[in-house]
Each structure stands twice: as structure tokens, then as C-alpha cells.
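>>> What follows is a protein structure lacking sequence information:
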């Protein structure tokens, strides 16, 4: 028994059919949601993510961006041809993690004294959700 | 530079002063929030957590419960003297992770086809939040 589970429609799950488990299979680590945070804040390029204060290692960043692309949470697009350089943007599936980030942020502000939210970068490039809310949601 | 950061009141953070980062320092892995989920659903004892469909390994469970206790998210209490056996309950700090679980659950139900929430166990022991909501919140 390896913890796999089958949903009614024949889908095989790696650990169980719990939606929390399946979310954590994608972003259950110390780094992935920080990359999503940076994207929500307006960062798009490799050097932008590297510059964040957590000092993510280059190989970890590359791995997480690849996994996020494979899972359909970010898409990569060329912003320069010679040499070819890429930037990353959230898909709707990735952007839908905003409520998760906001919930964690509220918990952290309440229970980890001294923490404070990061401000959006590059304001003209801020993504705006379908409901018209902006990244200022992190400030609540 | 190791990614440490100092808040205005002299608190030293391990990676940064971001509340999301500091939350993930505690529960940023594939297992910790599943233990919290089980506690919210009414599970309290070691064997209860072990019986969950994800088949958490005994050493991982012991490690996560210890960390959660150290971080003040669960408290341990004796429920049997000979031999001594313990059960675990959420503190307010741990219970405050419910909105995080609910946000992840909503994301998983939307984006991981075939997933479905787990039902509460042992209904008489269900924790009730200060706002009077019960674990049925997982069903939204």
C-alpha cells in the first residue's frame, strides 16, 4: 500500500483524493509559494526572483519554475531573442492561489511577531484579478 | 548573506520578515498541514493520524507533532496512564490555520479534478471555532 487512491471517475491520486493533499503535492514546500508570491507582487524574471530576500538558490528556483510550468500554474514567454531570455506569468490556476497566500499572510502577521508584508514591485505590471482586486490584498 | 532579516523590534528572522515565509518555515512541507487537517477533522491520537489514507510514516508523524508542539500549534495531553499515552489538540494558533486549509481545499477542488473533502470523524469531539463555525467549512 503506497497511499494511492482512486476517485470515482478513475483518476489515480498519488497520496489520496483529498484536495489539500493534492495541492500540497504541487506547492507543499518552503519555496514554491514564495515564487508564486513574487509573481503576484509583480516579479516576472529570473533575476527578480533571485533578488528576493530569502535568497533562493538558483537550482531550486529553476526546479520550482519548471514544476510550476508543468503543473500549469505559470507560463513562460520569451522577452528577448539574443540571447533568448524568458519571463514568467501566472495562469488563472496560479493566480487562484492568491487566497491561499492571503490566508497564510494573515496567519503569519498574527502569529509571527514582527513580520510585515512585502510591497508590490513594478506597479505598471501588476496583475489585476478578474474581480478587479489588486495586490494590495496582501495588505489586509 | 544567509537570508536572515531583522525586524524593527530586533527580532531576527531565519529567511525574511515576510509573514508567508515565516508561516512556511513551520508548515511548508507535504505533511504538516495534513496533520493539522486531521486535527481539525476531529482526530487526536497517534493511531488516528497513522490511519489517514496518505499513510504518513511513523517517524515523520512523530517529527511533525513534535515540531507543532514546539511551535505552539498543538498541545499534548495524557489520556491514559499505564502505559502513558498522549493525544493532541489544536491551540488557538493551530486552529487559526483553518482558513489556510479552507483556501487550499477550495483551490484543490477547483483545479485537481476528482478530489473531494474528507468528512469529520468522531462528531462529538469536533472543535468549534470562536465564530461558531464547525468543520463543515471544509465542505464549501
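Yep, it's here. Computed from a predicted model, the values in this text were never measured in an experiment.
>>> What strand or helix carries the most centrally placed residue in chain A?
Among the residues of chain A, the smallest C-alpha distance to the mean C-alpha position (C-alpha atoms, centre = their mean) belongs to residue A:36, namely 2.0 Å. Here residue A:36 is covered by helix A:32-41, with elements defined by DSSP states H and E.
>>> Let me see the mean pLDDT of that helix.
Average pLDDT, helix A:32-41: 98.
>>> Quickly check: that helix near chain B or not.
Yes - using C-beta under 8 Å from any C-beta of the partner chain, helix A:32-41 reaches chain B at A:33, A:34, A:37. All C-beta spots, glycine's among them, are computed from the backbone N, C-alpha and C.
>>> got the contact list for the residue nearest to the residue nearest to the centre of chain A when sequence neighbours are not counted?
The spatially closest residue to residue A:36, leaving aside those adjacent along the chain, is residue A:97, at 5.3 Å (C-beta to C-beta, 6 or more residues apart in numbering or on different chains). For residue A:97, the set of contacting residues under the criterion of C-beta atoms under 8 Å, 6 or more residues apart in numbering or on different chains consists of A:27, A:33, A:36, A:73, B:107.
>>> Contacts only, for the third one.
With C-beta under 8 Å, 6+ apart as the criterion, the residues that contact residue A:36 are A:27, A:68, A:73, A:90, A:94, A:97, A:101.
>>> So which elements touch the helix or strand of chain A with the lowest mean pLDDT?
The helix or strand of chain A with the lowest confidence, counting by mean pLDDT, DSSP states H and E, is strand A:5-6 at a mean of 70. In terms of contacts (3 or more C-beta pairs under 8 Å, 6 or more residues apart in numbering or on different chains; DSSP states H and E), strand A:5-6 is packed against strand A:12-13.
>>> Mind checking the pLDDT average for the following helix or strand past the strand it packs on?
Counting by DSSP H and E, the element after strand A:12-13 in chain order, helix or strand, is helix A:19-27. The average pLDDT within helix A:19-27 is 98.
>>> wait, isn't residue A:31 in contact with residue A:60?
Yes - using C-beta atoms under 8 Å, residue A:31 and residue A:60 qualify as a contacting pair, with a distance of 5.7 Å.
>>> Between these two, point out the one with more neighbours.
Comparing residue A:31 with residue A:60 by neighbour count (other C-beta atoms under 10 Å in any protein chain shown), the higher total belongs to residue A:31, at 20 against 14.
>>> what sits against residue A:88?
The neighbours of residue A:88, taking C-beta under 8 Å, 6+ apart as the test, are A:39, A:44, A:45, A:65, A:68, A:69, A:74, A:75, A:76, A:77.
>>> Please apply the same query to residue A:103.
With contacts taken as C-beta under 8 Å, 6+ apart, residue A:103 has the following neighbours: B:99, B:100, B:102, B:103.
>>> Ranking by neighbours, what's the top pick from the residues you listed?
Once you tally neighbours by other C-beta under 10 Å, residue B:100 ends up highest among the contacts of residue A:103, having 24 neighbours.
>>> Flag the shaky bits of chain A, pLDDT-wise.
Along chain A, the parts satisfying pLDDT under 70 run over A:1-4, A:7-9, A:122-140.
>>> Any chance of the residues of helix A:32-41 next to chain B in TSV with neighbour count and distance to residue A:82 as columns?
Below are the residues of helix A:32-41 next to chain B laid out as TSV (neighbours: other C-beta atoms under 10 Å in any protein chain shown; distance: C-beta to C-beta, whole Å):
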residue	neighbour count	distance to residue A:82
A:33	23	34
A:34	26	31
A:37	26	31
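>>> which one of the residues you listed sits closest to residue B:23?
Distance to residue B:23 across the residues of helix A:32-41 next to chain B (C-beta to C-beta) is lowest for residue A:33, with 9.0 Å.
>>> now the closest one: how far from residue B:44?
In this structure, residue A:33 lies at 28 Å from residue B:44, with C-beta to C-beta, to the nearest Å as the measure.
>>> again with residue A:52
With C-beta to C-beta as the criterion, residue A:52 and residue B:44 are 39 Å apart.
>>> Likewise for residue A:118?
With the distance defined as C-beta to C-beta, residue A:118 ends up 37 Å from residue B:44.
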